[in-house]
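Novice: Below is the sequence, then the predicted model.
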Amino acid sequence: MPETPLSNHELYELTHCFQDSFSPDRAGELAAATCISIVTEPGDQMAGALTAILGRARFLELLIEGLQVPRVLESLNRLQATELLQEVFVDLPGTLSDSRQRWLPRFSKQSLVQTLQRSKQLGLSITLREDNNWPAGLDDLRFGAPAVIFSQGKSDALGKLANGVSIVGSRACTSYGSQVVEKITAELSFAKRSTVSGGALGIDSHVHNQSLRNSLPTVAVMAGGLDRKYPSSNSKMFQEIMRDGAVISELAPGVAPSRWRFLQRNRLIAALTPITVVVEAGIRSGSIRTAHNALELNRDLYAVPGPVTSAASAGTNYLIAEGKAKALFDTKLITSSISGPTLYQAGSALQVRVQDALRDLKQATGEQIAKVAGLTEFELGLAIEELKKLNQLTWNQDSLGSLHYALKYANRA
């Protein structure tokens, strides 16, 4: 069980409501993940890297010890991960020192207790990466993935987003944009595909409201804590969303929405589903940022073409003209492009190197793959786990106990 600032009794009192049946190990993981969420800002790459490499338990231990840079480097060296992180962060000791300055002022037992108590009062669910309801698409954010997801409503709606569609657009939408949203959500309702948007005024609100009218589960992603939902004028809509869908955030209760957090919220909207649709957007807007997030994550991106005289369509027309988005000239294009087995195939550089090695080797042990791919044992482990999650790998054990790996879809991997 991870070491936490809490006693065993406190762990039980504060976390049993977030578990179907109480487990001390689960309680420790909940506390550790919540601590990481409290001390970091959304998209913190260093926090994600330390969590992925060291695990939540060790990360939390280092926080409790004061996050001394030599101690962190020592832990990374033991796992042969220092070189990998130096490639990512270049000045690893300096980045760790900066992170220490940002995180430690936020780290306290009191903040953890208050967050868990407030989450209980609000009736929140807390979803961790290992949970069945964790949206698989968030893993493509890699080191930038959230530490936890806080949600109100049906948390199991999160686990059904692999065939969902994220739809975003301008707050100052036109009647044309509203009509397009109506057509898209009607099409999705026939295919029983969930929607995701940001809960804002304009296109976002139309997406959620039309989804509700079509009895379609919808997920609203907030840029602050779930007791600080924005905009407050949509509070009734948020309540209605919770009946069959969910309102979610990676930020703890009490955290205020801010410009930076809105920008980071957009990456979650793009990551949660395999398809992002931009209905209307200005050239410089949050929706265009979401579109770029979708492209970075190798998601299918659609933009709705609009009148050249409409400022509301300037951003979508730009995405189409630049070849960044497919033109959504028929709403049926969205449902016809959804196909389960090929979702979330972007892959990291490590994963690609293992795939390349296995194409040559056909079947090989981990040691053989690492040699051909030029990877450390730790890097190989990361890539193997990615390929397993993507269902791209087969393996068997020989009489000596050695594992042999092969690509499951060698002709398409």
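Specialist: That came through fine.

Novice: hey, which helix is longest across this structure?
Specialist: Residue-count comparison of every helix in the chain, with assignments taken from DSSP state H, identifies helix 45-64 as the longest.

Novice: mind listing what's buried in that one?
Specialist: Within helix 45-64, the residues that qualify as buried are 45-63, counting by 16 or more other Cβ atoms under 10 Å. Placement of C-beta: from N, CA and C, glycine included.

Novice: Then stretch 365-382?
Specialist: Within stretch 365-382, the residues that qualify as buried are 366, 368-370, 373, 375-376, 378-380, 382, counting by 16+ other Cβ under 10 Å.

Novice: of all those residues, which comes closest to His206?
Specialist: Sorting those by distance to His206 puts Leu382 at the head of the list, at 40.8 Å, by Cβ to Cβ.

Novice: State the distance from the closest one to Asp139.
Specialist: Leu382 is 12 Å from Asp139, where distance means Cβ to Cβ, to the nearest Å.

Novice: what's the longest helix of the chain packed up against?
Specialist: In terms of contacts (3 or more Cβ pairs under 8 Å, 6 or more residues apart in numbering; DSSP states H and E), helix 45-64 is packed against helix 24-39, helix 69-78, helix 82-89, helix 92-103.

Novice: Mind jotting down where the strands sit in the stretch 201-350 of the chain?
Specialist: Counting by DSSP state E, counting those that start in this stretch, the stretch 201-350 of the chain forms strands over residues 218-221, 246-249, 275-278, 300-303, 326-327, given from the N-terminal end onward.

Novice: which phi and psi does the closest residue to Tyr405 other than its chain neighbours have?
Specialist: The shortest distance from Tyr405 to any non-neighbouring residue, by Cβ to Cβ, 6 or more residues apart in numbering, is to Trp395 (4.9 Å). For Trp395, the backbone dihedrals are phi -150, psi 150 (criterion: degrees, to the nearest 10).

Novice: Renumber starting at 19 from here on
Specialist: Shifting the count to begin at 19 puts that one at Trp413.

Novice: What pLDDT does the model give Trp413?
Specialist: We have a pLDDT of 87 for Trp413.

Novice: could you redo the helices and strands packed on helix 63-82 as a markdown table and give each row mean neighbour count and distance to Ser173?
Specialist: Shown next, in a markdown table, are these (neighbours: other Cβ atoms under 10 Å; distance: least, Cβ to Cβ, whole Å):
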| stretch | mean neighbour count | distance to Ser173 |
| --- | --- | --- |
| helix 42-57 | 23 | 14 |
| helix 87-96 | 15 | 33 |
| helix 100-107 | 16 | 32 |
| helix 110-121 | 16 | 27 |
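
Novice: Using CSV, lay out those helices together with distance to Ala321 and mean pLDDT.
Specialist: Written out in CSV, the entries for the helices and strands packed on helix 63-82 read as follows (distance: least, Cβ to Cβ, whole Å; pLDDT from 0 to 100):
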stretch, distance to Ala321, mean pLDDT
helix 42-57, 33, 96
helix 87-96, 42, 96
helix 100-107, 32, 91
helix 110-121, 36, 96
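
Novice: Dump those helices into TSV; add distance to Lys201 as well.
Specialist: Formatted as TSV, the entries for the helices and strands packed on helix 63-82 read as follows, by distance: least, Cβ to Cβ, whole Å:
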stretch	distance to Lys201
helix 42-57	38
helix 87-96	51
helix 100-107	43
helix 110-121	45
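
Novice: Asn316 is nearest to which of those helices?
Specialist: Among the helices and strands packed on helix 63-82, the nearest to Asn316 by Cβ to Cβ is helix 100-107 (19.3 Å).

Novice: Report the distance from the closest one to the chain centre.
Specialist: Relative to the chain's own centre, helix 100-107 is displaced by 22 Å; criterion: Cα atoms, centre = their mean, to the nearest Å.

Novice: Check which helices and strands it sits against.
Specialist: Using 3+ Cβ pairs under 8 Å, 6+ apart as the contact criterion, the neighbours of helix 100-107 among helices and strands are helix 63-82, helix 87-96, helix 110-121.

Novice: Need these in a markdown table (columns: distance to Asp378).
Specialist: Rendered in a markdown table, the data for these read as follows (distance: least, Cβ to Cβ, whole Å):
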| stretch | distance to Asp378 |
| --- | --- |
| helix 63-82 | 28 |
| helix 87-96 | 31 |
| helix 110-121 | 32 |
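
Novice: Between the ones you listed, which one is closest to Leu319.
Specialist: Shortest separation from Leu319 across the helices and strands packed on helix 100-107 is recorded for helix 63-82, at 23.4 Å, computed as Cβ to Cβ.

Novice: tell me the mean pLDDT for the closest one?
Specialist: In this model, helix 63-82 carries a mean pLDDT of 95.

Novice: coming back round to it: among the helices and strands packed on helix 63-82, which is nearest Lys426?
Specialist: Here helix 100-107 is closest among these (Cβ to Cβ), at 25.9 Å.

Novice: And the contacts of that closest one?
Specialist: The set of residues external to helix 100-107 that reach it, using Cβ atoms under 8 Å, 6 or more residues apart in numbering, is 63-64, 67, 71, 91, 94, 110, 113, 161, 394, 396-397.

Novice: could you check the angle helix 63-82 makes with it?
Specialist: For the pair helix 100-107 and helix 63-82, the angle between their directions (axes from the mean of the first three to the mean of the last three Cα atoms, to 10 degrees) equals 130 degrees.

Novice: got the CA positions of helix 100-107 in CSV?
Specialist: Below are the C-alpha coordinates for helix 100-107, written out as CSV (Å, rounded to 0.1, in the frame of the first residue of the first chain):
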residue,chain,number,x,y,z
THR,A,100,17.4,8.7,-16.5
GLU,A,101,18.6,8.8,-20.1
LEU,A,102,15.1,8.5,-21.4
LEU,A,103,13.9,11.5,-19.4
GLN,A,104,17.0,13.5,-20.3
GLU,A,105,15.9,13.1,-24.0
VAL,A,106,12.5,14.5,-23.0
PHE,A,107,13.4,17.3,-20.7
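
Novice: returning to that earlier point: could the buried residues of stretch 383-400 be laid out in a markdown table, adding distance to Gly333, pLDDT and secondary structure?
Specialist: Converted to a markdown table, the buried residues of stretch 383-400 look like this (distance: Cβ to Cβ, whole Å; pLDDT from 0 to 100; DSSP: H, G, I helix; E, B strand; the rest coil):
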| residue | distance to Gly333 | pLDDT | secondary structure |
| --- | --- | --- | --- |
| Gly384 | 47 | 89 | helix |
| Gln386 | 49 | 90 | helix |
| Ile387 | 44 | 91 | helix |
| Ala388 | 45 | 87 | helix |
| Ala391 | 41 | 83 | helix |
| Leu393 | 41 | 81 | coil |
| Thr394 | 43 | 81 | coil |
| Phe396 | 42 | 79 | helix |
| Glu397 | 39 | 81 | helix |
| Leu398 | 42 | 87 | helix |
| Leu400 | 36 | 84 | helix |
